[in-house]
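**Q** sequence-free structure coming up:
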């Protein structure tokens, strides 16, 4: 039971924006887990289309995730310097960097249309990443009967989430793939692991806790449950499912020896995120003297560089997000993966008896 939701299995498919699809979310829901879609990289119209597709494929509860980051502050000087730094890399592919960088994603905090959409369609679950929206938005969503989740990477963030009236805290450990949910990237990050963070939040918070980060199989889920979590949120494990939007290069990298090497870096998007080590993450060292533009402004350059590389057959500049458990990934249909995870949870429980 996930708070007020009757979820058969303690499995939440992470809302990986750009990778998770409505079909994947629906398949997970129909298999007994909580499927998720990430709408942080689209507008209200795009989100409506995604939500409608999920609803056409399942009548079960699903999660809609939004990005609640602080409004990006443009810095023309820093952005120009960043583009100048990347110019030689673009030149490898006979391309020029963008003339200027844009804020390509609008924060939920600045998007009243997205809030209006969620209040209209009333998905069973809405989750926040990178922070929290205003108290009025939280109150309106709760009044609409929506269960709210929010990511915490520390006890301090968890306490803010609890104080805001959010129903469930997602404890995101440093092992997790994709973007760190840290509220303020300028603040020192303790880098707590999933299990240490989960146990801290279970001990010190009154609301339910979901464990996230590095969990790839039923044994990992069972261990999280033993620590007091009510469920595990899993992302990397679903990337190789046929229902995901990951391209072939991403899937090959995740299924190969490169899966044993991940890197936490801000240079791709402007916020700390864990990805498979590739040509883009390799720039991390040489970029140490550069000021990376804020999220998501830096991501505009990152996406342009990836497009330039792919046009010339180079796939090493993709945002191949992955957690430290990546070598444990399996190429299974989403529903089959959920069923496999459920069997593994039972097996882990029987071993402990």
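**A** Good, I have the coordinates. Computed from a prediction, not measured in an experiment: that's the story for all the values here.
**Q** Would you enumerate the residues in contact with residue 132?
**A** Going by Cβ atoms under 8 Å, 6 or more residues apart in numbering, residue 132 touches 68, 138, 150, 160-161, 164, 166, 183. Yep, even glycine has a C-beta here, placed from its N, CA and C like the rest.
**Q** Now, the residues you listed that are in strands?
**A** residue 150 (DSSP state E).
**Q** Touching the helix or strand hosting residue 340 from outside, list them.
**A** Using DSSP states H and E, residue 340 sits within helix 334-352. Here helix 334-352 makes contact (Cβ under 8 Å, 6+ apart) with 9-11, 13, 24, 27-28, 30-33, 217-219, 221-223, 225, 234, 237-238, 241-243, 330, 332.
**Q** Over to stretch 199-208?
**A** Residues from elsewhere that reach stretch 199-208 (Cβ under 8 Å, 6+ apart): 2-3, 152, 155, 158-159, 161-162, 166-169, 171, 192, 209, 227-230.
**Q** After the helix or strand where residue 87 lies, heading C-terminal, what element do we hit next?
**A** With elements taken from DSSP H and E, the one containing residue 87 is helix 76-91. Next helix or strand after helix 76-91 toward the C-terminus (DSSP H and E): helix 112-121.
**Q** quick one: buried residues of stretch 304-320?
**A** Using 16 or more other Cβ atoms under 10 Å as the test for burial, stretch 304-320 gives 304-306, 308-310, 314-320.
**Q** Quick one: end-to-end length of it, please.
**A** Distance between the boundary residues of stretch 304-320 (Cα to Cα, to the nearest Å) amounts to 15 Å.
**Q** following the helix or strand of the chain with the lowest mean pLDDT, which helix or strand shows up next?
**A** Lowest by mean pLDDT, DSSP states H and E among the helices and strands of the chain is helix 283-286, with a mean of 86. Counting by DSSP H and E, the next helix or strand C-terminal to helix 283-286 is helix 297-311.
**Q** Show me the contact partners of the least confident helix or strand of the chain.
**A** If you take Cβ under 8 Å, 6+ apart as the criterion, helix 283-286 is touched by 89, 263, 265, 267.
**Q** does residue 231 have beta-bridge partners, and which?
**A** Beta-bridge partners for residue 231, by DSSP bridges, are residue 210.
**Q** Count the residues that sit near it.
**A** Using other Cβ atoms under 10 Å, the number of residues around residue 231 comes to 25.
**Q** again, but for the one 5 residues further on
**A** Here the count is done by other Cβ under 10 Å, and residue 236 has 31 residues near it.
**Q** got the contact list for it?
**A** By Cβ under 8 Å, 6+ apart, the neighbours of residue 236 are 177, 216, 254, 321-323, 325-326, 329.
**Q** for residue 33, same thing?
**A** By Cβ under 8 Å, 6+ apart, residue 33 lies in contact with 7-9, 11-13, 338.
**Q** What distance do you get for the closest residue to residue 240 other than its chain neighbours to residue 243?
**A** If the residues on either side of it in the chain are set aside, residue 240 comes closest to residue 331, at 4.2 Å by Cβ to Cβ, 6 or more residues apart in numbering. Separation of residue 331 from residue 243 (Cβ to Cβ, to the nearest Å): 11 Å.
**Q** and of the buried residues of stretch 304-320, the nearest to residue 112?
**A** Lowest distance from residue 112 to these (Cβ to Cβ) belongs to residue 319, with 28.1 Å.
**Q** ok so, going back, how distant is the helix holding residue 87 from the center of its chain?
**A** Centre-to-centre, helix 76-91 and its host chain are 27 Å apart (Cα atoms, centre = their mean, to the nearest Å).
**Q** In that helix, which residues are buried?
**A** Buried residues in helix 76-91, counted by 16+ other Cβ under 10 Å: 78-79, 82-83, 85-86, 89-90.
**Q** surely the residue nearest to residue 240 meets residue 239?
**A** No: between residue 331 and residue 239 there is no contact under Cβ atoms under 8 Å: 9.4 Å.
**Q** Now for those two: what residues contact both?
**A** residue 251.
**Q** more neighbours, those two?
**A** More crowded of residue 331 and residue 239, by other Cβ under 10 Å: residue 239, with 26 against 12.
**Q** contacting residues for the more buried one?
**A** Taking Cβ under 8 Å, 6+ apart as the criterion, residue 239 is in contact with 16, 19, 246, 250-251, 254, 322, 329.
**Q** pLDDT score for it?
**A** Looking at residue 239, its pLDDT is 98.
**Q** Over to residue 137?
**A** Looking at residue 137, its pLDDT reads 98.
**Q** Quick check: the gap between it and residue 300.
**A** Applying Cβ to Cβ, the value for residue 137 to residue 300 is 26 Å.
**Q** cool, and residue 108?
**A** For residue 108, the distance to residue 300 equals 19 Å [Cβ to Cβ].
**Q** The two: which is more packed in?
**A** Shown here are residue 108 and residue 300; by other Cβ under 10 Å, residue 108 has more neighbours (26 against 22).
**Q** Pull the contacting residues for the more buried one.
**A** Residue 108 is in contact with 40, 66-68, 114-115, 128, 133, 137, counting by Cβ under 8 Å, 6+ apart.
**Q** Determine the three-state secondary structure at the residue lying closest to it once chain neighbours are set aside.
**A** In space, and not counting its chain neighbours, residue 108 is closest to residue 66: 3.9 Å by Cβ to Cβ, 6+ apart. Here residue 66 is strand, with the state taken from DSSP: H, G, I helix; E, B strand; the rest coil.
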